[in-house]
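Participant: This is a predicted model, with the sequence first.
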Amino acid sequence: MEFRAMSRLIVISNRVQPAADGAGNQGGLAVALSAALRESNGIWFGWSGGETDHFTGHINFQRHDGVATATVDLEPQDVEEYYNGFANRTLWPLFHYRIDVAEFERGFAEGYERVNARFAETVQPLIEPDDILWVHDYHLIPLGAELRARGVTNRIGFFLHIPWPPMQLLLALPNHRELVEAMFAYDVIGFHTRDWLDSFLDYVSAELPGAVIGADDIITLNGRSIRAVACPIGIDTQAFRDSANQPNALNAFQRMRISANGREMIIGVDRLDYSKGLQERFLGYERFLASHPEALGRVFLLQIAPPSREDVQSYREIRAALDGLSGRINGEYADVEWVPIRYVNKGYPRDELAGIYRAARIGLVTPLRDGMNLVAKEYVAAQDPEDPGVLILSRFAGAAEQMGEALLVNPHSAEDVADAIARALAMPRAERIRRWRALMDGVEQEDVLWWQRRFTALLAAPDPEAPADRAA
Ligand code: GDG
């Protein structure tokens, strides 16, 4: 089911990142949301990334390649408490099972409430009666409730891009109940996997005694029913595969092959974030080198890790730890013409990335927790069908639920990672092709457009009991 002709879509997320039509250089999420916004003549609302001394609610309207955007500046205190604070120092670590680095400060929670209220107040005048609203991610969980409090009765959906934590972890959050109850303001709430959805349901059954969980994960609390759904995001598979065959990608592929000089390449691509398991990955690779002396000088790991969230202390710490670890491993194993780890702290254009993925015999994707993980899907989409590489994937990434043909590993176990590397390097071509074909079928069928249509179809269905997703 497409969304109803009259319904205009309003997307609300922390940052606004529209993509040009057919843009090979943009992430799949931006492409899919931009396509939906163009189709429905919608608006994308969010923070500009800029600051102002006094929040006025002034909206900057722009158009980017047919996508209307509406952005606001925030006060420095908002950015500190809402973005660097509650979003990235409280919720992000807690929802990635890292209660040890989570910080709980009332000021953060207050800033989070304040910004969500400011977003609601600012976006409300833009909303027309038939619009459907789609709110994204952990920065904006209470936004739906803030909109309802201001009388908005439109259909509102929420999608969480990161894991939902187990109940016992969530209980450590001082305002956990308030946060979860606010989710009942939405009509549809989406998670990437059944696991994350089940953790949400566990919390609801244990902590919200009045709630009733019915068929199709329709949950009723205080007379309001919401639909919870596992709806895994995909990539823009067609565009990504095409970009792997464009000149920039082919160039990058050739350059990588020449610089590899006959050695097998293992690729990792991750934002520099503690959830991505980079230290554990390096240790697993080191274990592989230690237990396979015949591989010394014949294989290398290229780790691309653009820094992120550098205003947050735990991110500065992980960066320093990785500098030390890569230096130690290289110091121990390198010789004059070979280094085992090429560790690169900068980003690359997307099309070049596609060529680099294609040149790698192994895609090493080992997050300790990840809502989905799109790099795993991009690696698969970039492969040469005649001679594909092997995906090694953490069982703790949401993507593992759809990608059982990868070599699934426990990223905490250096031995497990080392064994998988050895197995992947020795894997016969026929097995590589068989596994890749199965993975690619999934990546093609459940792409980002499929995800966007499935979610918006559910959201557009007027009655939560309506089985809209079966028709999608
Ligand atoms: C969140 C959730 C969920 C990385 N380095 C470069 C580069 N990237 C691109 C990758 C990929 C994207 O960034 C990262 O996506 P992930 O899914 O791996 O991770 P998060 O950023 O943590 O995203 C995650 C996602 O939301 C969507 O719901 O899957 O679980 O944490 O597309 O290719 N892109 C370019 N140069 C780089 O150097 N151009």
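Facilitator: Perfect, I can see it now.
Participant: residues from this structure in reach of the ligand?
Facilitator: Residues of the chain that fall close to the ligand, judged by Cβ under 6 Å from any ligand atom: 27, 29, 161-162, 233, 269, 271, 304, 306, 347-350, 353, 370-375, 378. C-beta here means a position set from N, CA and C on the backbone, and glycine is covered the same way.
Participant: Of the residues you listed, grab the buried ones for ChimeraX.
Facilitator: Per 16 or more other Cβ atoms under 10 Å, the buried members of the residues of the chain next to the ligand correspond to this ChimeraX selection:
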select :27,29,161,162,233,269,271,304,350,353,370,371,372,373,374,375,378
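Participant: Where strands are concerned, which of the residues of the chain next to the ligand count?
Facilitator: Among these, the ones falling in strands (DSSP state E) are 269, 304.
Participant: Can you flag which of the residues of the chain next to the ligand belong to helices?
Facilitator: Counted as lying in helices by DSSP state H, out of those, are 29, 350, 353, 374-375, 378.
Participant: Which one of the residues in the stretch 51-200 of the chain is closest to the ligand?
Facilitator: With Cβ to the nearest ligand atom as the measure, residue 161 is the residue of the stretch 51-200 of the chain nearest to the ligand, at 3.6 Å.
Participant: List the contacts of that residue.
Facilitator: Listed by Cβ atoms under 8 Å, 6 or more residues apart in numbering, the contact partners of residue 161 are 136-138, 192, 233, 371-372.
Participant: Check these and tell me the two furthest apart.
Facilitator: The distance between the two most remote of these (Cβ to Cβ) is 14.7 Å, for 138 and 233.
Participant: so where do the helices sit in the stretch 351-472 of the chain?
Facilitator: With helices called from DSSP state H, counting those that start in this stretch, the stretch 351-472 of the chain shows them at 374-381, 414-426, 429-445, 448-460, 468-471.
Participant: would JSON lines of those with distance to residue 215 and mean pLDDT be doable?
Facilitator: As requested, the helices of the stretch 351-472 of the chain are arranged in JSON lines below (distance: least, Cβ to Cβ, whole Å; pLDDT from 0 to 100):
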{"stretch": "helix 374-381", "distance to residue 215": "31", "mean pLDDT": "97"}
{"stretch": "helix 414-426", "distance to residue 215": "39", "mean pLDDT": "98"}
{"stretch": "helix 429-445", "distance to residue 215": "26", "mean pLDDT": "98"}
{"stretch": "helix 448-460", "distance to residue 215": "15", "mean pLDDT": "94"}
{"stretch": "helix 468-471", "distance to residue 215": "13", "mean pLDDT": "42"}
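Participant: winner for burial among those helices?
Facilitator: helix 374-381 (a mean of 28; mean count of other Cβ atoms under 10 Å).
Participant: so how far does stretch 136-152 reach from one end to the other?
Facilitator: Here the two ends of stretch 136-152 are set 18 Å apart, with distance taken as Cα to Cα, to the nearest Å.
Participant: again with stretch 335-354
Facilitator: For stretch 335-354, the end-to-end distance is 29 Å (Cα to Cα).
Participant: ok, and for it, which residues are buried?
Facilitator: Result for stretch 335-354 [16+ other Cβ under 10 Å]: buried residues 339-341, 343, 350-354.
Participant: three-state assignment of residue 61?
Facilitator: Classification of residue 61 by DSSP: H, G, I helix; E, B strand; the rest coil places it in strand.
Participant: Show the average pLDDT along stretch 128-136.
Facilitator: Average pLDDT, stretch 128-136: 96.
Participant: Tell me the gap between that stretch and the middle of its chain.
Facilitator: Distance of stretch 128-136 from the chain centroid (Cα atoms, centre = their mean, to the nearest Å) equals 22 Å.
Participant: what comes up buried for that stretch?
Facilitator: Buried residues in stretch 128-136, counting neighbours by 16+ other Cβ under 10 Å, are found at 131-136.
Participant: do the same with stretch 84-103
Facilitator: Of the residues in stretch 84-103, 84-98, 101-102 count as buried by neighbour count, 16+ other Cβ under 10 Å.
Participant: can you check stretch 323-339 too?
Facilitator: Applying 16+ other Cβ under 10 Å to stretch 323-339 flags 325-326, 329, 333, 339 as buried.
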